[in-house]
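In: Dropping the sequence and predicted coords here.
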Amino acid sequence: MPEIERGVIPAGKRLLPLIFLLAVGTPLVAKADNGIVDVRALPRLEGAVEDSSRTQSYSMSYGVPTVVAVTSAATKKLLAADGWVQFLRPLDEKSSLLTFKKAQQGLNVHFTQGLGRPDQSVVYYTAERITSNVPFPPDATDIVFDQHRPYLGCIAPLAFDATLDFFRREMAAIGWKPLSAVDATARWPGAELSETVQNGVRTYYSHDDGDGFYRQRPIMLTLLRRDDGRTSVEIRVAPFALPQTLEADSEMAGLPRPKPTKTAKSSGGSDSVRRQMEVAVIAELPATLAFYRRELASRNWTEETKGAVVTPDNVTLNFSSAEQTATLTLGRKYDLTVVGLTTQMTEAALAARAKAKKEADAKFMNDAADMAKQVIAADEARRVAQAANLSDAPLRTLADSATPLPVPENAENVKFDGADGRLGFDSASSVKAIAAFYRGLLKSQGWKERPSVINQANMVVMDFSKGGKAFSLTAMQMGPKVKVSADGTGLVMANQKVAAKADGAGAQASNEPSAKVADEVLEAEADSPLPVPSKRTMRSIGTGKMPGSDAPFRRELEASVPATLNSVLVFYRSELGKRGWQETAEGAVLKPDQVHLAFTSPDGPATLKLGRGKGETTINLAQKYPAAAAKADVVPKPGQSKLMFGNIGKSDATVSINKQTIKIAAGAGGPQSPRPPMIDLPPGKYQYALKIAGGPARNNQIESAPATPGA
């Protein structure tokens, strides 16, 4: 083999295959990321049980057999012994999240209570990258640090000179270089670095890109001597490197907001009577003040001289517009300018708005009333036309009927559930003919009818009783047919069900149990205030509000779904969990045909009731809003329930209950009515009498249960 000189590739040899072989034959070594701590290597408390299914190099959790308060204190001590220094972030003083720093690495720690075990807790470690690292003086106290700008405020235990030596040494060690006036003014014309600090010193630093730093703005280090021999420390972005003219960000509550900001929050909307906004701006106070003067002037606000206060560290200004007044406050906290802006509608503007709303509401109600009259007239005309096709001819009983209550010979779509005591069918006969059929038939069988106030041409309600049993029967014209429904103890027959024949007439009985239906995954209906499966045959949502208020103090969903009870239960546990609801064990009932669960939600307590009926799963989901109930003054006395009365009819009514007589005006409880009458009742069953002006009294019974806590 010919000799080859080192570093020379002979002509004709294949270079590319050689490079490929070298590439695949050389192991690749991943460069370690020194800016991110591997949380798997961090110390853990005694008795720790790791959740290995969620463990990553940057995130992990473990459980311990101690309460959160004890776990938190022990974790702080454990990490401190490992060299981690705890600090607070600016404006996060009330946060439950713990933040730590060790060299150039950051760590977040938080805790939760063990699932169903208040005597246990879970510890979560999450790595945090520090993009603007500065050194912490040893054993410093009151540390406030933002790792992204950076900002550092603390008290060093060392004397002034020793602290100054520490920062000169440690700042250089991590790549910070003293910034000269020449370099500063070349980039930021007008930058001033020669100012003196009374009883202290101020120096400026810059940092090149690399080692976790990128486009780092110069910083300003200020040290001040303290009377107790310690040294106050502050590191922040040099003011001349911050934006001198602020740009507008998206509005909040219709109010101007500058950028960049650290935090921002607001209340109210652009048309609210009162609006408030609080913003922490990453800029100097003069630049922030100039922004608000410019933006408010562009919105036709006029700055008032009365009450104006303008100092280097605090500003209070008043503004006015055609309909509102405003107060603007600016102050300094850490390296931020904290802004407060509050606006208030004037009395004249409120009066004008109320008048306009009243006129608009009146027009809406008049238009709605006119429309309702038109709809009612059209519906009545249609009903009359349809009723003309219904037969008034006397009816005969259907032969071979399997139901305890006979049905007429022209009954269609007959459905009977003996276990629940329910019967239903359609008929081409008139309401009058149906009523005559049952009154004559049942009277001959010894049933006694109790008078009812509902006895119209298009609807009749009849109540019958005999031998301790009773049932109610309703016949109502529904389009071209009359729909008949009956239920009560007089119709109960064990294991009896009747289904309509294929041709729609007659009925047959069956004692065979229905085939087992498989569970299925249900999807939620979009835009429903309370979750409900999209596969539902019926849904109604009731909302409890005080007249004149849009804030509900109770919402209740009634629905029926052709699915197994277990499918519906799985659906609700999933959907309610997504909304932050938590299931409680108190009073829980879990049976194959019945479920009763209690929940806590961010807005208040809630209950879920599931049952079975007519081959479907019935749903009752009720949520209460204690804050709205308290504001509306509908919270009952402890251990009692509150009974609220309403009257949507056109005649006044009275209710006699618990030795009290309550007058209920026509329209009470409606949107435009005043506060409806209410009473508190202890738990128990109460007989009551309802009397509508010009009609007979109706007696019935109601059961009062004590209100649940917080309801």
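Out: Sure, I can see it. Numbering: from 1, shown residues only.

In: the longest strand in the protein is where?
Out: strand 117-129 (DSSP state E).

In: Can you list the strands that that strand pairs with?
Out: strand 59-64 (antiparallel), strand 105-114 (antiparallel) (DSSP bridges).

In: Enumerate every residue touching the closest residue to Thr112 other than its chain neighbours.
Out: Counting by CB to CB, 6 or more residues apart in numbering, Thr112 lies nearest to Val122, which is 4.9 Å off, once chain neighbours are set aside. For the C-beta atoms, the positions are set from N, CA and C on the backbone; glycine is no exception. Shown in contact with Val122 (CB atoms under 8 Å, 6 or more residues apart in numbering): 51, 61-64, 111-114.

In: one step back: quick one: mean pLDDT for the longest strand of the chain?
Out: Average pLDDT, strand 117-129: 94.

In: go on, stretch 654-670?
Out: Stretch 654-670 comes out at a mean pLDDT of 82.

In: tell me the secondary structure for Glu359?
Out: helix (DSSP: H, G, I helix; E, B strand; the rest coil).

In: do you know how far it is from Ala668?
Out: 25 Å (CB to CB, to the nearest Å).

In: Kindly format the C-alpha coordinates of stretch 189-209 as PDB.
Out: Provided in PDB are the C-alpha atoms of stretch 189-209 (Å, rounded to 0.1, in the frame of the first residue of the first chain):
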ATOM      1  CA  PRO A 189     -27.300  60.200  23.300                       C
ATOM      2  CA  GLY A 190     -27.900  62.200  26.400                       C
ATOM      3  CA  ALA A 191     -27.100  59.400  28.800                       C
ATOM      4  CA  GLU A 192     -25.800  60.700  32.100                       C
ATOM      5  CA  LEU A 193     -23.500  58.500  34.100                       C
ATOM      6  CA  SER A 194     -21.700  61.000  36.300                       C
ATOM      7  CA  GLU A 195     -24.400  61.800  38.800                       C
ATOM      8  CA  THR A 196     -23.500  61.400  42.500                       C
ATOM      9  CA  VAL A 197     -25.400  59.500  45.100                       C
ATOM     10  CA  GLN A 198     -25.500  60.900  48.600                       C
ATOM     11  CA  ASN A 199     -24.100  58.400  51.200                       C
ATOM     12  CA  GLY A 200     -23.500  55.800  48.400                       C
ATOM     13  CA  VAL A 201     -22.200  55.000  45.000                       C
ATOM     14  CA  ARG A 202     -23.700  54.300  41.500                       C
ATOM     15  CA  THR A 203     -22.000  52.400  38.700                       C
ATOM     16  CA  TYR A 204     -23.100  51.100  35.300                       C
ATOM     17  CA  TYR A 205     -22.500  47.800  33.600                       C
ATOM     18  CA  SER A 206     -23.000  46.100  30.200                       C
ATOM     19  CA  HIS A 207     -23.000  42.500  29.100                       C
ATOM     20  CA  ASP A 208     -22.200  40.900  25.800                       C
ATOM     21  CA  ASP A 209     -24.400  38.300  24.200                       C
END
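
In: Which elements pack onto the host helix or strand of Arg698?
Out: Assigned by DSSP states H and E, Arg698 belongs to strand 697-704. For strand 697-704, the packing partners by 3 or more CB pairs under 8 Å, 6 or more residues apart in numbering; DSSP states H and E come out as strand 641-644, strand 684-692.

In: what's around the nearest residue to Trp188 once chain neighbours are set aside, how many residues?
Out: In space, and not counting its chain neighbours, Trp188 is closest to Phe240: 4.7 Å by CB to CB, 6+ apart. Using other CB atoms under 10 Å, Phe240 is surrounded by 20 other residues.

In: What about Gln276, how many residues nearby?
Out: Applying other CB under 10 Å, I find that Gln276 has 17 neighbouring residues.

In: Contact partners for it?
Out: 253, 266-268, 340-343.

In: Find the pair from the residues you listed with maximum spatial separation.
Out: Gly268 and Gly340 (13.7 Å; CB to CB).

In: more crowded one of the two?
Out: Per other CB under 10 Å, whichever of Gly268 and Gly340 has more neighbours is Gly268, with 17 against 14.

In: Just name the most buried of the helices and strands packed on strand 697-704.
Out: strand 641-644 (a mean of 17; mean count of other CB atoms under 10 Å).

In: Ignoring the adjacent residues along the chain, who's closest to the spatially most central residue of the chain?
Out: In the chain, the centroid-proximal residue (CA atoms, centre = their mean) is Arg579; its distance is 6.1 Å. Excluding its sequence neighbours, the residue lying closest to Arg579 (CB to CB, 6+ apart) is Ser601, at 6.9 Å.

In: Show me what that neighbour is bridged to.
Out: Gly604.

In: From Lys642, how far out is it?
Out: Relative to Lys642, and taking CB to CB, Ser601 is found at 21 Å.

In: so Glu300 touches Ala322, yeah?
Out: Rather than Glu, residue 300 is Asn. Yes - the criterion here is CB atoms under 8 Å, and Asn300 meets it with Ala322 at 7.2 Å.

In: re earlier: dump the helices and strands packed on strand 697-704 into a markdown table; add mean pLDDT and distance to Cys154 as well.
Out: Compiled in a markdown table, the helices and strands packed on strand 697-704 are given as follows (pLDDT from 0 to 100; distance: least, CB to CB, whole Å):
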| stretch | mean pLDDT | distance to Cys154 |
| --- | --- | --- |
| strand 641-644 | 79 | 56 |
| strand 684-692 | 86 | 65 |
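
In: Make JSON lines out of the ones you listed and add distance to Ala378.
Out: Below are the helices and strands packed on strand 697-704 laid out as JSON lines (distance: least, CB to CB, whole Å):
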{"stretch": "strand 641-644", "distance to Ala378": "34"}
{"stretch": "strand 684-692", "distance to Ala378": "28"}
